[in-house]
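>>> Sequence and predicted structure, then a few things I'm wondering about:
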Amino acid sequence: MSAPKPARVQCRDLYIGYRYDRPVLQKLTLDVEPGDVLAIVGPNGAGKTTFFRTLLGLLRPLGGEVSVSGLVPADYRRQVGVGYLAEDTAMPDGWRCDGILTLAATAAGPDTDVGHALRLAGVDFKTDVPASVLSKGMKRRLALALALLRPIRLLILDEPESGLDPGQRHRLRRRIERMRSSMTILVASHDLGELALMSDHVLLIDQGRGRLVEQPEGGFTRDFLEQEFLGLEGAVQWPS
Ligand code: ADP
């Protein structure tokens, strides 16, 4: 059987959130082609994590359609696997890194490759130490390795740059460049930094609305994206 291709993420008229009378995001339509990098940029509370929960199949859409390579998100996650780096990378207290990796690899199933995941995530430090002694940047890399244990075709990174210094941010972006040949990558950020500028598309979200911005000729610039953000005024109304 041939290996699955990078995922295609499609949403049509999607409404997401926790309450029907107060959707977090409304009328979202987008099509992310296999192997693309999509940055999702919006202020805190705009709905980035909620969108990811929906794509992981943990949250049912309030309306509209969402699919990953033609499957509903929960089926895609179960059948192909999705790598997810949560915004909060809390590690179990007192556990050594190698113990955490072994536990996660055991839970993930037979086709895991810990060494490959560590290399992809840039874990170049000793793992026979308690996770509690790691710096924030090292914890993020360990968490990224956990997301990459299985051969995945969709990687979701929720604010992966938070807490990283400029050198670590730069290395993270290089890692994303390397991984994109084998997977589609969705990455959230709360600013219009380098991560957004290196992406193929940027989904700007604020106050319930999302706008997909395609890369202009010559690439994204901060000015260009700032102008696009200004066009995102006021929430669309929930249909009666
Ligand atoms: P972001 O990731 O962009 O910071 P979130 O998706 O976390 O934003 O939050 C979007 C909105 O949904 C916020 O108003 C937040 O308070 C609300 N929210 C987040 N999680 C829940 C939940 N489990 N139940 C109800 N509301 C939630």
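Structure's in. What do you need? Residues are numbered from 1 along each chain as shown.
>>> got the residues of the chain near the ligand?
Taking CB under 6 Å from any ligand atom, the part of the chain that reaches the ligand is made up of Y18, V24, G42, N44, G45, A46, G47, K48, T49, T50. Heads up, the C-betas are built off the backbone N, CA and C, glycines and all.
>>> Next one, pLDDT for E226 please.
As predicted, E226 sits at a pLDDT of 86.
>>> Find the residue at the geometric middle of this structure.
Centroid-nearest residue in the chain: I156, 2.3 Å away (criterion: CA atoms, centre = their mean).
>>> where does that one land on pLDDT?
98.
>>> residues in contact with the host helix or strand of it?
For I156, the enclosing helix or strand under DSSP states H and E is strand 154-157. For strand 154-157, contacts defined as CB atoms under 8 Å, 6 or more residues apart in numbering pick out 6-7, 9, 52, 55-56, 68, 76, 80, 82-85, 144, 147-148, 176, 179, 183-188.
>>> now, which of the residues you listed lie within helices?
Among the contacts of strand 154-157, the ones falling in helices (DSSP state H) are F52, L55, Y76, L144, A147, I176, M179.
>>> okay, who's weakest in these by pLDDT?
Checking pLDDT across those, the minimum falls on M179 at 91.
>>> Kindly tell me how buried that one is, as a neighbour count.
Neighbour count of M179, defined by other CB atoms under 10 Å: 21.
>>> so A7 makes contact with V80?
Yes: with contacts counted by CB atoms under 8 Å, A7 reaches V80, the gap being 7.3 Å.
>>> which of these two has more neighbours?
Set side by side, A7 and V80 show more neighbours around A7, with 29 against 19, by other CB under 10 Å.
>>> check contacts around that one.
Counting by CB under 8 Å, 6+ apart, A7 has contacts P34, V68, S69, Y76, V80, V82, R153, L154, M183, T184.
>>> Kindly recompute the last result at 6 Å.
V68, S69, R153, L154, T184 (CB atoms under 6 Å, 6 or more residues apart in numbering).
>>> any weak-confidence spans in the chain?
Applying pLDDT under 70 to the chain picks out residues 1-4, 233-240.
>>> How about A39: which residues does it bridge to?
V187, V202 (DSSP bridges).
>>> gap between M91 and G35?
Distance, M91 to G35, by CB to CB, to the nearest Å: 31 Å.
>>> L155 bridge partners, please.
On the basis of DSSP bridges, L155 is bridged to G83, I185.
>>> tally of neighbours for it?
L155: 26 surrounding residues under other CB under 10 Å.
>>> again with M91
17.
>>> Fine, thanks again, bye for now.
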